[in-house]
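Visitor: Let's see this in three dimensions:
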Amino acid sequence: MTEPKRKRGPASPVVQLAVDPASGTALYRQVYEGLRDAMLSGRLARGARLPSTRALATDLGVARNTVLLAFDQLRSEGYLYGRRGGGTRARDVVPDAMLSVPRSTRARRDAEKHTRRGAMASPSDTSRIPGVAPQISIRGRTLVETGTTLIRRAGPHAPFELGVPAIDAFPMRLWAKLAGRRWRRGDVDLGELDPAGEPALRAAIASYVGAARGARCSAEQVFVVNGAQQALHLVSQVLLDPGDDVWMEEPGYVGARVAFLAAGARPVPVRVDDEGLDVAEGIRVAPSARLAYVTPSHQFPLGVVMSASRRLQLLAWARASGAWILEDDYDSEFRYTGRPLPCMQGLETEQRERGQHAHVLYVGTFSKTLVSGLRLGYMVVPDELVDAFRAARSTVDRHTPTSYQHVLADFIGEGHYFRHIRHVRNLCAERQSALVDAASKRLTGLIDIAPDPAGLHLLGRLAPGIDDMVAHEAAMARGIRSWPLSKFHLGPPTRAALVLGYGGFDEGQIRRAVGELGRVLERL
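Guide: Got it, this is the predicted structure:
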């Protein structure tokens with residue numbers, strides 16, 4: 001909902017907050033809960049301007065990143081919004097599902113301490129989240145509250161929704177033929193699989209990433225997972241301890257942030273410039289980070305390619321500090337000029353052959369090239385982690401459904417996948433051109449959309465004075481599902497832009513949506 005444009009009075013004083021480092025609850029959670037409860041109870045007036053994150057951090061005696069994380073969570077849940085030059089304010093309308101505060105923050109913390117000592121808290125003494133059992137755990141609350149940002153709207157996809165592949169290009173008849181052949185021959189293993197996945201598919205993936213992405217791995221290092229998001233959660237649960245720092249590209253992928261928060265880790269924003277993740281800044285702000293999450297081949301959402309020097313610098317940091325690098329290669333197949341860029345995993349393996357330890361975990365997905373409904377992805381882990389991940393995967397869901405794995409193994413092994421990628425790459429290149437062309441004719445002066453040599457989305461930089469959250473909400477009301485760039489920031493955004501996905505929409509849909517977006521932006 002767009003905030004009404006009216007003259008504001010003086011900022012309301014912020015209620016007193018108290019943080020307790022010894023409480024067992026993360027400091028950012030304490031700041032988040034304190035501000036949320038103050039808004040819901042009326043102690044913080046609706047529309048009140050909050051102090052800057054730096055000033056509030058100083059007042060509370062905490063790191064600025066602690067306050068940034070709290071503000072980001074409140075923004076994502078609809079409690080706060082910001083205008084350029086207007087600071088951060090409490091929304092005039094708070095989320096309908098949270099119209100009452102069941103009890104004080106202090107009482108919740110007391111109940112949490114009581115529960116950790118082994119006593120059973122009564123339903124009246126535990127935190128309440130609408131629609132969730134009252135005895136939910138602290139980690140469960142984090143999963144619920146952060147995971148809501150990933151829930152997709154029900155119903156048909158609409159421009160310019162992110163993560164939607166070219167569903168209309170999926171080879172349905174061929175897939176059905178391959179599946180039918182498997183079932184007719186009785187060549188489907190209906191028993192338990194290795195938690196790492198069907199051996200034939202793992203071998204096909206190892207061969208594919210070696211040929212297409214320059215990765216160097218054996219089938220033993222490949223794990224078939226239920227989409228890239230499961231891979232991010234597995235890595236977070238296996239390699240991170242609560243409180244560990246994790247470098248996050250700023251701006252960066254929300255799904256990775258959610259996975260790290262769910263593991264109790266602390267995402268630390270690290271600036272992205274024209275060469276990718278600024279490794280020197282990461283070392284300065286969090287030198288002892290346990291993991292760095294990067295999208296080096298096509299940074300999400302800015303589209304920057306990490307330079308060779310930065311890649312080597314990041315690998316050197318990981319070796320020196322004993323940290324891990326999580327390489328998310330989410331859309332590398334969609335490069336429209338030149339050859340696809342080799343992945344970091346292959347570069348690091350070359351160094352390992354000279355006697356150095358492996359530090360890169362590589363994640364890929366079939367959700368962008370095929371269809372997301374298959375829920376098929378993969379990760380490549382260093383040899384020394386194979387047994388650990390196999391055991392951890394067996395505790396989650398045993399393995400990915402067998403029939404899809406068998407069919408995909410045939411689809412790749414018989415050469416169909418390479419042909420399909422060529423087809424959808426050409427199709428998506430045409431759809432990007434349609435978006436750029438339509439925007440140049442209809443959106444000039446409102447939003448600047450430049451072509452990108454890769455990917456399935458474009459960044460549209462808004463004209464000065466247009467707030468991307470306001471533009472996003474107004475567009476959503478008209479059926480346009482763009483994302484505001486500010487949603488991908490942990491700290492204050494440095495520019496106002498909309499992220500526009502185009503891969504799953506034909507030229508007619510794209511041109512009609514551009515026209516509607518133009519009408520929306522003209523009213524702001």
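Visitor: tell me the contacts of Ser332?
Guide: Ala212, Arg213, Ser297, His298, Pro340, Leu341, Cys343, Gly364, Ala454 (Cβ atoms under 8 Å, 6 or more residues apart in numbering). Bear in mind the C-beta positions are built from the backbone N, C-alpha and C, glycine included.
Visitor: and the first one, how many neighbours?
Guide: With neighbours defined by other Cβ atoms under 10 Å, the count for Ala212 comes to 18.
Visitor: List every C-alpha atom in the helix or strand where it lies, with coordinates, as PDB.
Guide: Per DSSP states H and E, Ala212 falls inside helix 199-213. In PDB, the C-alpha atoms belonging to helix 199-213 read as follows (Å, rounded to 0.1, in the frame of the first residue of the first chain):
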ATOM      1  CA  PRO A 199      24.300 -42.300  -9.600                       C
ATOM      2  CA  ALA A 200      23.500 -41.900 -13.300                       C
ATOM      3  CA  LEU A 201      22.200 -38.400 -12.800                       C
ATOM      4  CA  ARG A 202      25.100 -37.400 -10.600                       C
ATOM      5  CA  ALA A 203      27.500 -38.700 -13.300                       C
ATOM      6  CA  ALA A 204      25.500 -36.700 -16.000                       C
ATOM      7  CA  ILE A 205      25.700 -33.500 -13.900                       C
ATOM      8  CA  ALA A 206      29.400 -33.900 -13.200                       C
ATOM      9  CA  SER A 207      30.000 -34.300 -17.000                       C
ATOM     10  CA  TYR A 208      27.700 -31.300 -17.800                       C
ATOM     11  CA  VAL A 209      29.300 -28.800 -15.300                       C
ATOM     12  CA  GLY A 210      32.700 -30.000 -16.400                       C
ATOM     13  CA  ALA A 211      31.900 -29.300 -20.100                       C
ATOM     14  CA  ALA A 212      29.700 -26.200 -19.700                       C
ATOM     15  CA  ARG A 213      31.000 -24.500 -16.600                       C
END
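Visitor: which residues touch that helix?
Guide: By Cβ under 8 Å, 6+ apart, helix 199-213 touches 196, 215-224, 329, 332-333, 340, 342-343, 345-346, 362, 364, 378, 380, 405-406, 408-409, 412-413, 417.
Visitor: picking up where we left off before, most neighbours, which of the contacts of Ser332?
Guide: Counting by other Cβ under 10 Å, top hit in those: Gly364 with 29 neighbours.
Visitor: Pull out the buried residues from stretch 483-503.
Guide: 483-493, 496-503 (16 or more other Cβ atoms under 10 Å).
Visitor: Export that stretch to PDB, keeping only CA atoms.
Guide: Extracted in PDB, the C-alpha atoms of stretch 483-503 (Å, rounded to 0.1, in the frame of the first residue of the first chain):
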ATOM      1  CA  TRP A 483      10.800  -6.300  -7.100                       C
ATOM      2  CA  PRO A 484      12.200  -3.200  -5.500                       C
ATOM      3  CA  LEU A 485      16.000  -3.200  -5.400                       C
ATOM      4  CA  SER A 486      15.900  -2.000  -1.800                       C
ATOM      5  CA  LYS A 487      14.500  -5.400  -0.800                       C
ATOM      6  CA  PHE A 488      17.800  -7.000  -1.600                       C
ATOM      7  CA  HIS A 489      19.800  -4.700   0.600                       C
ATOM      8  CA  LEU A 490      20.800  -5.400   4.200                       C
ATOM      9  CA  GLY A 491      21.800  -1.800   4.700                       C
ATOM     10  CA  PRO A 492      20.400   1.400   3.300                       C
ATOM     11  CA  PRO A 493      19.900   1.200  -0.500                       C
ATOM     12  CA  THR A 494      22.200   3.400  -2.600                       C
ATOM     13  CA  ARG A 495      19.900   3.600  -5.600                       C
ATOM     14  CA  ALA A 496      16.200   3.300  -6.400                       C
ATOM     15  CA  ALA A 497      15.500   0.600  -9.000                       C
ATOM     16  CA  LEU A 498      13.100  -2.200  -9.900                       C
ATOM     17  CA  VAL A 499      14.200  -5.700 -10.800                       C
ATOM     18  CA  LEU A 500      12.300  -7.000 -13.700                       C
ATOM     19  CA  GLY A 501      12.100 -10.700 -14.700                       C
ATOM     20  CA  TYR A 502      11.300 -11.500 -18.300                       C
ATOM     21  CA  GLY A 503      12.300 -15.100 -19.100                       C
END
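Visitor: Determine how far the last residue of stretch 443-463 lies from the first.
Guide: With Cα to Cα, to the nearest Å as the measure, the ends of stretch 443-463 fall 10 Å from one another.
Visitor: I meant to write stretch 160-170 there.
Guide: 19 Å.
Visitor: mind checking how far it is from the chain centre?
Guide: Chain-centre distance of stretch 160-170: 17 Å, with Cα atoms, centre = their mean, to the nearest Å.
Visitor: Any chance you could list what contacts it?
Guide: 157, 367-372, 420, 423-424, 427-428, 431, 456-457, 480-483, 498-506, 513.
Visitor: Pull out the buried members of these.
Guide: Counted by 16+ other Cβ under 10 Å, the contacts of stretch 160-170 give 157, 367-372, 420, 424, 428, 431, 456-457, 480-483, 498-505, 513 as buried.
Visitor: Filter these down to just the ones in strands.
Guide: Secondary structure assignment by DSSP state E places His457, Trp483, Leu498, Val499, Leu500, Gly501 of the buried ones among the contacts of stretch 160-170 in strands.
Visitor: how about the strands in the stretch 1-150 of the chain?
Guide: With strands called from DSSP state E, counting those that start in this stretch, the stretch 1-150 of the chain shows them at 80-83, 87-90.
Visitor: can you redo these as JSON lines with mean neighbour count and mean pLDDT?
Guide: Formatted as JSON lines, those follow (neighbours: other Cβ atoms under 10 Å; pLDDT from 0 to 100):
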{"stretch": "strand 80-83", "mean neighbour count": "20", "mean pLDDT": "75"}
{"stretch": "strand 87-90", "mean neighbour count": "18", "mean pLDDT": "84"}
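Visitor: Reformat these as TSV; add distance to Thr66.
Guide: Listed next are the strands of the stretch 1-150 of the chain as TSV, based on distance: least, Cβ to Cβ, whole Å:
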stretch	distance to Thr66
strand 80-83	16
strand 87-90	15
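Visitor: which stretch among the ones you listed comes nearest Arg182?
Guide: For the strands of the stretch 1-150 of the chain, proximity to Arg182 was assessed by Cβ to Cβ; strand 80-83 is nearest, at 51.8 Å.
Visitor: for that closest one, packing partners?
Guide: helix 64-76, strand 87-90, helix 468-477 (3 or more Cβ pairs under 8 Å, 6 or more residues apart in numbering; DSSP states H and E).
Visitor: Let's see that with 7 Å instead.
Guide: helix 64-76, strand 87-90 (3 or more Cβ pairs under 7 Å, 6 or more residues apart in numbering; DSSP states H and E).
Visitor: The closest residue to Tyr336 other than its chain neighbours: neighbour count?
Guide: Spatial nearest neighbour of Tyr336, excluding adjacent residues (Cβ to Cβ, 6 or more residues apart in numbering): Ala429 at 4.6 Å. Ala429 has 17 neighbours, counted by other Cβ under 10 Å.
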